[in-house]
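Participant: Let me see the structure of the following:
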Amino acid sequence: MNKKKRTRYLLIAVILIYGAVIARFFMLSNDGDYSLPTNELVASFKPTSYDVKENFTINNDYRDPFLGTLIRDNKNTSSDSRKEITNKKEAYFPAITYLGIISDAGSSKKVLSLRINAKEYVIKEGNTVDSIQVISGNRQSLLVSYKGKRKRITISD
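Facilitator: Numbers count the residues shown, from 1 in each chain. So this is what the prediction gives:
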């Protein structure tokens with residue numbers, strides 16, 4: 001009996017020591033994890049400001065990988081270059097191919113077949129499609145108007 005009592009006391013002592021060690025471990029590991037946040041600012045945030053540049057230039061001092069030469073023309077984005085671009089846009093005339101006449105001989109208006117920028121259209125004389133007005137047409141040629149400019153187009157073979 002004496003041996004059983006000693007074993008029980010020893011077992012209780014070991015359990016208490018083991019529990020104290022575990023409790024101490026958890027107490028040390030949770031020092032500041034559950035602290036409440038304060039309303040004090042640690043640092044103030046101020047975004048950087050950038051200056052916007054009005055004019056810029058593009059420097060093309062690199063080798064063209066396809067031609068093998070250096071490009072020396074530096075383009076400036078000034079109002080003169082913008083005027084040249086608008087003048088080029090005004091000189092544009094769409095790619096028109098005249099395919100022929102489809103209408104009967106007895107009809108008063110002719111029905112013409114044409115291709116504008118790779119799209120085929122069937123249109124009567126005097127009508128407009130894609131800002132192109134078909135003025136007149138016969139077996140050999142077609143007269144069209146685009147933005148006030150007239151152009152005669154012959155039939156394609």
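
Participant: Would you mind naming the residues that pair with the closest residue in space to Gly137 that isn't next to it in sequence in a beta bridge?
Facilitator: By the measure of C-beta to C-beta, 6 or more residues apart in numbering, the closest residue to Gly137 outside its immediate chain neighbours is Leu112, 4.6 Å from it. Backbone N, C-alpha and C define where each C-beta goes, glycine included. With DSSP bridges applied, the residues forming beta bridges to Leu112 are Ile101, Ile123.

Participant: Tell me who's in contact with Leu112.
Facilitator: 98-103, 122-125, 134, 137, 142 (C-beta atoms under 8 Å, 6 or more residues apart in numbering).

Participant: Any chance of TSV for those, columns distance to Phe25 and pLDDT?
Facilitator: As requested, those are exported to TSV (distance: C-beta to C-beta, whole Å; pLDDT from 0 to 100):
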residue	distance to Phe25	pLDDT
Tyr98	94	88
Leu99	92	88
Gly100	96	86
Ile101	99	86
Ile102	96	84
Ser103	100	73
Val122	90	89
Ile123	90	89
Lys124	95	88
Glu125	98	87
Val134	93	90
Gly137	98	85
Leu142	96	89
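
Participant: and of these, the nearest to Lys5?
Facilitator: Lys5 lies nearest to Val122 out of these, by C-beta to C-beta, at 114.6 Å.

Participant: okay but that closest one is in contact with Gly100, surely?
Facilitator: No - the pair Val122 and Gly100 does not pass the contact test of C-beta atoms under 8 Å, sitting 10.6 Å apart.

Participant: Show the residue spans covered by the helices in the chain.
Facilitator: With DSSP state H applied, the chain shows helices at 2-29, 79-90, listed in chain order.

Participant: Now list the buried members of the contacts of Leu112.
Facilitator: Among those, the ones that count as buried by 16 or more other C-beta atoms under 10 Å are Tyr98, Ile101, Ser103, Ile123, Glu125, Val134, Gly137, Leu142.

Participant: So the fifth one is in contact with Asn138, correct?
Facilitator: Right, the one you point to is Glu125. No - applying C-beta under 8 Å as the test, Glu125 and Asn138 come out as separate, 10.2 Å apart.
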